[in-house]
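# Fold the following for me, if possible:
(2 chains)
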There are 2 protein chains.
Amino acid sequence: MNAPDKGLRGKMVNAFDPATASGLKESTRRLVERRGKLLGPAYRLFYNDPVEVKSAKGVILYDFDGKDYLDAYNNVVSVGHCHPRVVEAISAQLRTVCTHTRYLQEGILDYAEDLLSTFGGSIQHVMFTCTGSEANDLAVRIAKHYTGKSGVIITDEAYHGNSDLTSGFSPSLGAYSPLGTWVRRVPAPDSYRVPHESMGRWMADNVAAQIRDLERRGEGLAAFIADSIFSSDGIFAQPTDLLEPVKQVVHAAGGLFIADEVQSGFARTGDKMWGYQRHGVSPDIVTMGKPMGNGFPVAAVALSPHIVQEFGRDTRYFNTFGGNTVAMAAAQAVLDVIRDEGLLENAARVGLAIQAGFKDLAKQYEQIGDVRGSGLYIGVELVKSRTTKEPDAKTAAALVNGLRARRVLISATGLHANTLKIRPPLVFSESDADRLLTEARDVFRSL
Amino acid sequence: MNAPDKGLRGKMVNAFDPATASGLKESTRRLVERRGKLLGPAYRLFYNDPVEVKSAKGVILYDFDGKDYLDAYNNVVSVGHCHPRVVEAISAQLRTVCTHTRYLQEGILDYAEDLLSTFGGSIQHVMFTCTGSEANDLAVRIAKHYTGKSGVIITDEAYHGNSDLTSGFSPSLGAYSPLGTWVRRVPAPDSYRVPHESMGRWMADNVAAQIRDLERRGEGLAAFIADSIFSSDGIFAQPTDLLEPVKQVVHAAGGLFIADEVQSGFARTGDKMWGYQRHGVSPDIVTMGKPMGNGFPVAAVALSPHIVQEFGRDTRYFNTFGGNTVAMAAAQAVLDVIRDEGLLENAARVGLAIQAGFKDLAKQYEQIGDVRGSGLYIGVELVKSRTTKEPDAKTAAALVNGLRARRVLISATGLHANTLKIRPPLVFSESDADRLLTEARDVFRSL
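Numbering: from 1, shown residues only, chains lettered A, B, ... in the order given. Now for the predicted structure:
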């Protein structure tokens, strides 16, 4: 393998480049400068022309000039920006009591019971953290304790978190962010290039080969971890018969199968409440976060009881804010809204409409190589040629920034940053989809 | 060294023992059982008779029978339970917009500027996380990137977090929670037993010896990290000339000095806004969390710009909820309240009154070996004999649970769990201190 291009140090898909700040309007440029001075060099902004947000409602963000932006990207405010039921649930609990899990509380138990009822399989305990990174960190920590092994297998461009442990198995942080010596990677199930037939076997064989390598180095396998939508690899939602064969080779080696549902969970994929359920697999551990509190920091690890027995005996887990009364009120409100407003069904229906719209555009624009996804997690892959399937990052960036100029917010993903990532709040309507598609058509026309 | 007592697996100071559940009233027992079933074995409750909380205001918690509990323990709700200014700031921001740092926002910059003005020294950047664990994890991750080394030096019973990395240098999690091979420990500055004269030299010499050991193993030193109140070691607030000599040997070895202010920060110690400032030392990195948002999950790493340059070039840091608009509104409100209500001064004044009260009790009760602390972070060490200074955990537990029976909430700390930990919200008044002392006197009388 060649050394990574030094020009790629710290690069991020769809990041603002501070070297271009002089082209911005004066007030934006001042904010960007002040930001660099106060927050330092590790922070990134979106878009060639970063957006300054003043307020939001539903799927619309507003800037300080009163202009509205269609949010086709944010998966945290999943039930819609400033959803009144969530705002009121948090505010009411804040006025009542905000305290931690070392006092008895009924709310955390009611929510735990409600949440656990959505998994099935052997998942019967839930532990609360504040972020998806903390959830994945804890999941792998428990897996290491349970197996006595340290190896972790992931897909090529996976992202699983920002802690020391999880950044060690998050190659999408870039070539200069160190991976752990105990990490092995397998190719993502690139449904645009890898034949679908026997793809599960192909993936399981790749995992098995990496397990053998981990065992030869004395690391052994603690866990295989993946998000079932393979988001940072480029969004691969089909086929859905991949993960069961993988789980079988992982179990045969004594490892655990962890479903990272931080992005694909909570009805996002339209088919099922959890992305892994589309694959008909029963994970040992499920992690979740982002949309869980619609922006309130709350996340969780749900697992089979036997996996955490020794961990719970040998040590303990306390997260000061994790599972506090307000976090639980936020999470309960979000789960209620997902059900009461039929957001799973909405994600399925509107997601299909968006895919259909881009497939329609593909008849006209050769650059669209593939349209894929599930529910409101959609990838549109751009290529230089449909024959060679050579990635076209330039067109992807033009689309992302062209849409931003037309006040529609999306991003791009994948190793080559050539796949449009469309992932709006779950309350996105058919008319929102129309606006997105109309503006996308305009940008294609202008290329 | 002897193998750790297997009976101590997973033990926690002042934890409820589920084996005693049969003695609880029916409704409490049912909640405890349900909790075990849903949350699993890694969770702990406080007190022999766990408290079920319904609501709270100021320094008072209420249970479902309408009984009031004086909160002399919780340092998260530092400006008081359900402080209206904080509740309103969070609620108003929730209604406006809740989004992340990849859009431009002025609030995060205003808060960053305000916060950074409290440090002095070379601390000029701040990065936001959600929890103190995430802050310490990121701080050490940056220190490893900066130094190219991996060694971490801590005090004997330190606690710095619950992530894989930070739990690896948190020995207070107990003898069966694994420490990293790259971790070295030095004795805490036990001001009750170690002579104060030249204590800084003594501590620096201990650190230097551990640095030499790390260097002989090829690890080298990434960082020394301590909270200036040495809370889980037993609360040692005096003397205050310890940390500068330590910093000098750490810097001589190329390592970084990290001040963990998660517990000692934000006016807690009464003397200064930050605990490390009591030692007149300038850290390379300052971490903070717990009281920062009065229960809203928000935490941070503040640091010297040169330390994060390479990290920011080689990788990036994004925390989905860290520094979001609502977190910043909460944090700004807390900082405003600390200043507007003079809570630093209050902590100093009421803290002295509490210490004076326990010193008074010590005239009567030989079990009180030492009363110490700073501001509203107070330790009362209980011993079997003032001559031998042998720790008396039994009396400490009797005090903690006796006070709980009288509806006053405190806890205990230190390796031997024999030091009462008194750490109320900063709005604790002199009459609250009276109630605490009156009840404590009653418990002593009943022993």
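# contacts and neighbour counts: CA atoms only from here.
OK.
# which bits of the stretch 251-400 of chain A sit near chain B?
A:290, A:295-297, A:305, A:308-309, A:311-321 (C-alpha under 8 Å from any C-alpha of the partner chain).
# Could you tell me which of those residues count as buried?
Buried residues within those, counting neighbours by 16 or more other C-alpha atoms under 10 Å in any protein chain shown: A:290, A:295-297, A:305, A:308, A:311-321.
# Run a quick neighbour tally on residue A:181.
Residues near residue A:181, counting by other C-alpha atoms under 10 Å in any protein chain shown, number 14.
# Around chain B, pick out the residues from the stretch 101-250 of chain A.
Neighbours of chain B within the stretch 101-250 of chain A, by C-alpha under 8 Å from any C-alpha: A:101-106, A:109, A:112-113, A:124-127, A:130-131, A:134, A:137-138, A:141, A:162-165, A:173-174, A:176-177.
# just the buried members of the residues you listed?
The neighbour count (16+ other C-alpha under 10 Å) marks A:101-102, A:104-105, A:109, A:112-113, A:124-127, A:130-131, A:134, A:137-138, A:141, A:162-165, A:173-174, A:176-177 as buried among those.
# for chain A, which helix is longest?
Secondary structure of chain A read by DSSP state H shows that its longest helix is helix A:343-364.
# In helices, which of the buried ones among the residues of the stretch 251-400 of chain A next to chain B fall?
Among these, the residues falling in helices (DSSP H) are A:305, A:308, A:311, A:312, A:313, A:314.
# Can you add pLDDT and give the residues you listed back as TSV?
TSV is the format used below for these (pLDDT from 0 to 100):
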residue	pLDDT
A:305	98
A:308	97
A:311	96
A:312	94
A:313	92
A:314	92
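# which of these lies closest to residue A:218?
Using C-alpha to C-alpha, residue A:311 comes nearest to residue A:218 of those, at 22.3 Å.
# who's in contact with the most centrally placed residue in chain A?
In chain A, the centroid-proximal residue (C-alpha atoms, centre = their mean) is residue A:263; its distance is 3.0 Å. Residue A:263 makes contact with A:75, A:227, A:288, A:289, A:290, A:291 under the criterion C-alpha atoms under 8 Å, 6 or more residues apart in numbering or on different chains.
# which of these has the most neighbours?
Most surrounded of the contacts of residue A:263: other C-alpha under 10 Å gives residue A:289, at 32 neighbours.
# residues in contact with it?
Shown in contact with residue A:289 (C-alpha under 8 Å, 6+ apart): A:130, A:131, A:132, A:135, A:261, A:262, A:263, A:298, A:299, A:300.
# so what's the first one up against?
So the one you mean is residue A:130. Taking C-alpha under 8 Å, 6+ apart as the test, what residue A:130 contacts is A:289, A:297, A:298, A:299, A:300, A:319, A:321, A:322, A:323, B:130, B:131, B:297.
# Check the fifth one too.
By C-alpha under 8 Å, 6+ apart, the contact set of residue A:261 is A:227, A:228, A:274, A:275, A:276, A:286, A:287, A:288, A:289.
# repeat that with 10 Å
By C-alpha atoms under 10 Å, 6 or more residues apart in numbering or on different chains, the contact list for residue A:261 reads A:132, A:136, A:226-229, A:268, A:273-276, A:286-290, A:300-301.
# what's the closest non-adjacent residue to it?
Spatial nearest neighbour of residue A:261, chain neighbours left out: residue A:288 (4.9 Å); criterion: C-alpha to C-alpha, 6 or more residues apart in numbering or on different chains.
# Quick check: phi and psi on the one you found?
In terms of degrees, to the nearest 10, the main-chain angles of residue A:288 are phi -150, psi 160.
# Residue A:382 too?
For residue A:382, the backbone dihedrals are phi -110, psi 130 (criterion: degrees, to the nearest 10).
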